[in-house]
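Peer 1: can't give you the sequence, but here's the structure:
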């Protein structure tokens with residue numbers, strides 16, 4: 001299963017965590033979990049993440065929050081890319097995932 005374009009918005013489409021990388025990453029992982037649940041999958045089914053950050057200074061915050069959702073000693077394989085901008089200028093992170101069902 002492929003889940004693409006998870007961004008830091010709530011169920012109403014409102015930005016969560018303006019200027020706060022941790023809050024944005026947390027919202028993205030919550031959105032990812034909800035998308036997976038819609039296909040009867042869970043976060044432990046995720047085998048690969050592709051992470052887009054607008055500022056590499058946020059890598060530590062990303063990892064800290066990722067470790068709340070995945071076992072710190074066995075996170076999914078991942079690629080992390082710094083991008084100049086995402087679809088909304090206030091977004092600091094976007095994540096795609098591949099889950100094996």
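Peer 2: Yep, that arrived. Nothing here was measured: the structure is a model prediction, and the numbers come from that model. Numbers count the residues shown, from 1 in each chain.

Peer 1: and residue 50, what does it touch?
Peer 2: 78-79, 81, 95-97 (CB atoms under 8 Å, 6 or more residues apart in numbering). In short, each C-beta sits where N, CA and C put it, glycine included.

Peer 1: confirm it sits in a strand?
Peer 2: Yes - counting by DSSP: H, G, I helix; E, B strand; the rest coil, residue 50 falls inside a strand.

Peer 1: dig out what it forms beta bridges with.
Peer 2: residue 79, residue 96 (DSSP bridges).

Peer 1: list the helices and strands the helix of greatest length in the chain packs on?
Peer 2: With DSSP state H setting the assignment, residue counts place helix 21-37 as the longest helix in the chain. When contacts are defined as 3 or more CB pairs under 8 Å, 6 or more residues apart in numbering; DSSP states H and E, helix 21-37 sits against strand 2-6, strand 46-53, helix 59-69, strand 93-99.

Peer 1: okay, buried residues for the longest one please.
Peer 2: Think helix 59-69. 61-62, 65-66, 69 (16 or more other CB atoms under 10 Å).
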